[in-house]
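Student: My questions are about this predicted structure, shown below with the sequence.
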Amino acid sequence: MGEQSIQAQHLLGIRNLSAEDIGLIFETADQFKEVLARPIKKVPSLRDITIANVFFENSTRTRLSFELAEKRLSADVINFSASSSSVKKGETLLDTVNNILAMKVDMVVMRHPSPGAPHFLARHIDAAVVNAGDGTHEHPTQALLDAYSIREKLGDVAGRKVLISGDIMHSRVALSNILCLRKLGAEVGVCGPPTLLPKYVSELGVKVWYELREALAWCDVINVLRIQLERQHFRYFPSLREYSLYYGLTKTLLDSLDKEIVVMHPGPINRGVELSSDVADSGQSIILKQVENGLAIRMAVLYLLAIRRTAAKAG
Ligand code: NCD
């Protein structure tokens with residue numbers, strides 16, 4: 001690995017990450033991708049580093065991806081999930097995490113339903129914190145792996161027109177993607193029913209569409225998001241069937257374009273709602289590549305933060 005070091009002490013969001021740091025994460029991920037293509041995929045880079053994965057919200061792919069990334073780097077790993085813990089007995093977030101840190105943990109990867117929870121933690125504990133999704137706020141490693149996958153597929157992110165469609169309002173993937181893609185020089189558009197687009201969204205420097213067909217004519221890449229039903233406390237649209245009719249991405253719609261666009265989705269997919277199965281499984285979709293790249297990106301983030309922390313402690 002190179003000698004350059006990351007400026008950020010934690011990965012809390014894309015908002016506080018510089019374009020240089022993003023570039024460094026990508027270059028480091030390139031090297032880890034090479035490692036992952038070898039018959040022996042494990043490197044000793046994080047031997048003696050202990051990482052706690054602290055998940056207060058359900059997760060499959062993000063938790064597995066972080067855990068595998070940590071294991072590939074030879075870190076010691078402990079997993080904590082809120083549903084089987086003392087949180088249910090009324091313990092505070094800070095007490096829970098301080099108890100974990102008392103076991104000499106160096107890094108905490110946290111998913112939490114409250115926006116800002118990892119930021120709060122980073123201010124109060126002596127460990128590097130990685131945000132694995134904080135409510136409707138940010139999901140920085142997802143945005144990094146999405147931008148990295150676009151860079152891999154199209155050669156560069158700068159100048160590309162990327163459309164994010166669906167439930168922009170309740171999606172942490174949307175906000176982190178908008179911030180990340182804009183920092184890397186892409187043009188970003190959002191598309192969805194007016195009730196699912198935040199009022200201030202254009203202030204983030206994005207184009208806004210309500211008609212999927214028009215937005216598709218503009219973009220090179222579409223990142224299709226899931227309707228976050230678990231975060232919606234009243235009805236934002238009449239029915240999933242109607243949503244699907246207006247905003248579902250289908251083969252017929254893609255075939256009506258005079259170009260081939262790249263299709264992405266962070267998962268989990270609701271097949272037949274935001275994305276039809278034939279599109280999800282088509283050659284235009286890079287959905288499984290995103291999952292594959294997620295591993296290299298998370299290895300890069302953990303490695304760079306751990307190295308920075310070790311150097312800061314030594315100095
Ligand atoms: C996303 C999430 O949890 O925010 N999924 C993920 O991290 N793989 C998107 C979603 O749940 O729709």
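Tutor: Yep, that arrived.

Student: where does the chain have its least confident helix or strand?
Tutor: Here the helix or strand of the chain ranked lowest by mean pLDDT, DSSP states H and E is helix 93-101, holding a mean of 89.

Student: And the next helix or strand past it?
Tutor: Note on helix 93-101: by DSSP states H and E, the next helix or strand toward the C-terminus is strand 107-112.

Student: helices or strands up against that next one?
Tutor: Using 3 or more C-beta pairs under 8 Å, 6 or more residues apart in numbering; DSSP states H and E as the contact criterion, the elements in contact with strand 107-112 are strand 50-55, helix 61-72, helix 93-101, helix 117-124, strand 128-134, helix 287-314. Just so you know, the C-beta spots here come from the backbone N, C-alpha and C atoms, and that holds for glycine as well.

Student: From Thr96, how far out is the residue lying closest to Asn98 once chain neighbours are set aside?
Tutor: In space, and not counting its chain neighbours, Asn98 is closest to Ile125: 6.8 Å by C-beta to C-beta, 6 or more residues apart in numbering. With distances taken as C-beta to C-beta, to the nearest Å, Ile125 is found 11 Å from Thr96.

Student: same check, this time on Thr50
Tutor: As judged by C-beta to C-beta, Thr50 and Thr96 stand 16 Å apart.

Student: Contact partners for Gly166?
Tutor: With C-beta atoms under 8 Å, 6 or more residues apart in numbering as the criterion, the residues that contact Gly166 are 174, 191-192, 196, 224-227, 247, 274.

Student: Ignore what I typed, I meant Ala306.
Tutor: With contact set as C-beta under 8 Å, 6+ apart, Ala306 has these partners: 45-46, 49, 75, 106-107, 128.

Student: What does the pLDDT read for the closest residue to Ser45 other than its chain neighbours?
Tutor: With sequence-adjacent residues excluded and distances taken as C-beta to C-beta, 6+ apart, Ser45 is closest to Leu73, at 4.9 Å. Looking at Leu73, its pLDDT stands at 98.

Student: Around the closest residue to the ligand within the stretch 1-150 of the chain, how many other residues sit close by?
Tutor: Distances from the stretch 1-150 of the chain to the ligand, computed as C-beta to the nearest ligand atom, single out Thr62 as the nearest residue at 4.3 Å. As a burial measure, the neighbour count of Thr62 was computed by other C-beta atoms under 10 Å and equals 23.
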